[in-house]
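**Q** predicted coordinates and the sequence they were generated for:
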Amino acid sequence: MNLLIEQADPPTRVYLAVQDRHWREHGQVDFGTYVLKGSLLVGGDNPVHATTSGTLERTVLRPSSRKNAEPALHLSIRSDGKDQWLPRAKNLSPLTQSAEALLTKIATAGIVGLGGGAFPTATKLATAIRHTPRYLIVNGVECEPGVQADEALMHAASVEILQGALLALQILNLDQCILAIGEDKHSALEIFTQKILQQELSGKIQLLPVADKFPNGSERQLIKICTGTALPRNVYPAQLGISVLNVSTLYAIYQAIYLDQALVERVVTLHTPQSAKNIRVHIGTPAKDLVNNNFPSRANAPAVSTNLIQRGGPLTGWIQSIDACVEKGTTCLQLIKNTVPKPALPCIRCGKCATICPENLLPQELYWYSKPLNEAKLNALKLTSCLTCGLCETVCPSQIPLTNMFRDSQTLLKQYAAHKQQARQVSARVKARTVRLEKSGQSTQSQREKRLSRLRQSRSSNHEQ
Amino acid sequence: MNNKRILSHGLNLGPESRPTSTASIMNHVLLALFPGLFAQFYYFGTGYLYNLAIALFAGLLCCLTIALAMTSTSEKALSYASPTPKHRFPGSIARKNISPILLDNSNWVTCVLVAIALPPNMPILIVTVAIVSALGLGKYIYGGLGQNIFNPAMVGYGVVLISFPSDLALWPPVIEGLSGATPLEQLKYNSGQTVQELTAGPAFGTLAGQGWEWINAAYLAGGLYLIYQRIIGWHIPVYLLASIILWSAAWYDMGSSLSLGSPVFHLFSGGIMLGAFFIATDPVTCPSSTRGKIYFGLLCGSLIFIIRSWGGYPDGIAFAVLLANLCVPLIDHIHNIND
Ligand code: SF4
Ligand code: SF4
């Protein structure tokens, strides 16, 4: 696969997912108005920007590309094809700005972790600042086979990435960061070595080649490699003052701060059975359009109808709806043949999955307790620390779809926890009310009696009439 | 997920995790049993082939019956649900459901293990009872592959060992014209001789019992092959053998007449290597965590030594493994993570 990044044409319509439940209050533009690329549509904590110029039409329910997600609300924009940018500020001097100002800028540009996690970057950095920053790790490992979006970006935008890293250092008030790059990416390593020498950054940015082994690019594994100590379970890196930022996130930070651009495009690796390429895509492009636009001639266009689209790489990805759109966290889209998978055999507890699990979990036990979901056991077995990396599923001789199952169980556990939390809140409220009433001299009992007698009275008066 | 598709993207999983299939794992186990089988055949003659043939035939019949029974129950359930006559022909459904049971190679591994564990030239009845209890009581009563808590082969062997104790004590002599007691028994009922005097007898070879040492060495070779192929982990066999060494060293008593035999003798007697590499390592019935496996190995080894030295049975593998199997849920409960 070549490492050139193609620029995608704007699709006829983009659909932007709205995550804010109170989006109406934060709405900035009326429906039917003409918006430019980069203009803010919804403010608040999860800002939405127009990713191309055109008319803001309406809200639609469309399938979400997230795993196990219900169809979600999307804003649709009919593109005018010009892809015209909002006028941007010039002559910014970020080096004199305070960390808070830069963080606000990152937050309003809608920057999230572009390595797939899609967690708001400003929040992540702010948490690290609260807990005294210790390490900044720049993640350019991208170890999943077949995904090359980051590698392509490292080729195209090494200077910008380094500038982004310097900005992150400035925000965290650190002197040095580690730039981890996969060992297999020889040319990227070379480029960065040169650029760091040229710009005399070797005191600030330390280049670290990381073994090409999956899943070394995952946050927790990378921290273990760079700092030498494994993160305890249930602790977020930010709580220990460790920030891990993806190279493409840094590129977005650079764009937001130096060029005043919101996050509206990202690089996606597009795989089809015949070919693969890296494309800079407008966020919100439906997967179907992306595939069709990139294979314009009918003859060699893979039939979208007979294929499935998988979001993410071959190991960690999952099948998404063909109508779902590119989101900020979409690193890779694959068109794969719609074949019926081989039926899974029973688990023979061979332990291959446990040998390979990077988090030292016991997938065979997780599987056993996922079949009828056993909440207590799954929590004891630390299902939450499963990275859903897909390795156990790959090595399983019985072809059990383990990772998919774990992803489902994780969703269910989260739902259960949320329901429990709700129930606790309600019962606390009811208790508080009882106490309140008793204090004010009216027990619930007497209240009920009062209400009843009132009811009886009104009934009897009705009868009399 | 499709292994091949991922590997075509160039994922390097390392030697631990060559993608395999469940069937090929069992094929490797069968292959690894061959040297031992050959050694037993060499020392005990065609009686073993006879055992093996009966065991495999009984296993086939047993699998067929189980498959038919399972389909007929599911057919009954279906016919309640839908009264269309289509479901009343057992053949059409049976054909679908028989194949997974017959193609499940672990059943053949179980049959072969039972045949090996029994003394040669067993009556058809005993072999059949052993196989039926192994597959039926040991495995399918729990729901089949991966669901059983006891090692099926040892359930089968245990049932016949309790039911026909005198037949199962009939080990033919390795050398013509020698008395029937195995070296292990000779040592146990040694009537005041020191180990030195005993091992000078014709029933003993260089390391342990004549013949038995080579049979054990052959199983050891097969077991090493399995570890090399990463079919089994090394923890259980190593810790099992280590605990046997420790126990026998503690009771060696410098080879006096009270001695229970040297560590080397114990390692190469009876079915130790078969038990350590092929029976205790049965993945279905051993703990999943690495630390759990270590405890399991130590427990198995200790029980084997205790039963074979002070118990009423000639060798302790079957009951030791079954007892250790009993503890597996507890071990799994305590060590449920690989940290
Ligand atoms: S790899 Fe598959 S068959 Fe083996 S223990 Fe894990 S889940 Fe079971
Ligand atoms: S997906 Fe499997 S191998 Fe990966 S972390 Fe989860 S349990 Fe472990």
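**A** Received it, and whenever you're ready, just let me know what you need. Everything quoted here is computed from the prediction, not taken from an experiment. Residues are numbered from 1 along each chain as shown, chains lettered A, B, ... in the order given. Ligands and ions are numbered 1, 2, ... in the order given.
**Q** and the pLDDT for the closest residue to residue A:316 other than its chain neighbours?
**A** Residue nearest to residue A:316 in three dimensions, not counting chain neighbours: residue A:390, with 5.1 Å by C-beta to C-beta, 6 or more residues apart in numbering or on different chains. Placement of C-beta: from N, CA and C, glycine included. Among the per-residue scores, residue A:390 shows a pLDDT of 87.
**Q** surely residue A:390 and residue A:405 touch.
**A** No - between residue A:390 and residue A:405 there is no contact under C-beta atoms under 8 Å: 11.7 Å.
**Q** can you give me the pLDDT of residue 66?
**A** Assuming you mean chain A. What the model reports for residue A:66 is a pLDDT of 83.
**Q** oops, wrong one, chain B.
**A** At residue B:66, the predicted lDDT confidence score is 83.
**Q** for the residue nearest the centre of chain A, grab phi and psi.
**A** To find the centre residue of chain A, average its C-alpha atoms and take the closest one (C-alpha atoms, centre = their mean): that gives residue A:118, at 2.4 Å. Its backbone dihedrals place residue A:118 at phi 60, psi 40, with angles given as degrees, to the nearest 10.
**Q** and whichever strand or helix holds residue A:245, what does it pack onto?
**A** When secondary structure is defined by DSSP states H and E, residue A:245 falls within strand A:242-246. Contacting strand A:242-246 under the criterion 3 or more C-beta pairs under 8 Å, 6 or more residues apart in numbering or on different chains; DSSP states H and E are the following elements: helix A:121-130, strand A:135-140, helix A:158-172, helix A:219-227.
**Q** cutoff 6 Å now
**A** With contacts defined as 3 or more C-beta pairs under 6 Å, 6 or more residues apart in numbering or on different chains; DSSP states H and E, strand A:242-246 has these neighbours: strand A:135-140.
**Q** the strand it packs on: partners in the sheet, and parallel or antiparallel?
**A** Strands flanking strand A:135-140 in the sheet, each with its direction: strand A:177-182 (parallel), strand A:242-246 (parallel) (DSSP bridges).
**Q** and the last one, what's its mean pLDDT?
**A** The reference is to strand A:242-246. Summarised as a single mean, pLDDT over strand A:242-246 is 92.
**Q** likewise for the longest one?
**A** The predicted model gives strand A:177-182 an average pLDDT of 91.
**Q** any residues touching the following helix or strand past that strand, and which ones?
**A** Tracing the chain C-terminally past strand A:177-182 and defining elements by DSSP H and E, one meets helix A:186-198 next. Contact with helix A:186-198 is made by A:151, A:154, A:158, A:181, A:202, A:205, A:207, as judged by C-beta atoms under 6 Å, 6 or more residues apart in numbering or on different chains.
**Q** and helix A:186-198, which residues are buried?
**A** Of all the residues in helix A:186-198, those buried under the rule 16 or more other C-beta atoms under 10 Å in any protein chain shown are A:188, A:189, A:191, A:192, A:195, A:196.
**Q** which residue comes closest to the residue of the stretch 151-300 of chain B found nearest ligand 2 once chain neighbours are left out?
**A** Per C-beta to the nearest ligand atom, residue B:288 is where the stretch 151-300 of chain B lies closest to ligand 2, at 12.2 Å. Spatially, and ignoring its direct neighbours in sequence, residue B:288 is nearest to residue A:362 (4.8 Å; C-beta to C-beta, 6+ apart).
**Q** and the buried residues of helix A:186-198, which is closest to chain B?
**A** residue A:188 (16.8 Å; C-beta to the nearest C-beta).
**Q** can you count the residues close to the nearest residue to the residue nearest to the centre of chain A once chain neighbours are set aside?
**A** Across the structure, with C-beta to C-beta, 6+ apart as the measure, the residue nearest residue A:118 apart from its sequence neighbours is residue A:329 (3.3 Å). Around residue A:329 sit 19 other residues, with neighbours defined as other C-beta atoms under 10 Å in any protein chain shown.
**Q** point out the other helices and strands that the lengthiest helix in chain A packs with.
**A** Scanning chain A for the longest helix, with DSSP state H as the assignment, gives helix A:402-439. The contact analysis (3+ C-beta pairs under 6 Å, 6+ apart) places helix A:402-439 against helix A:391-395.
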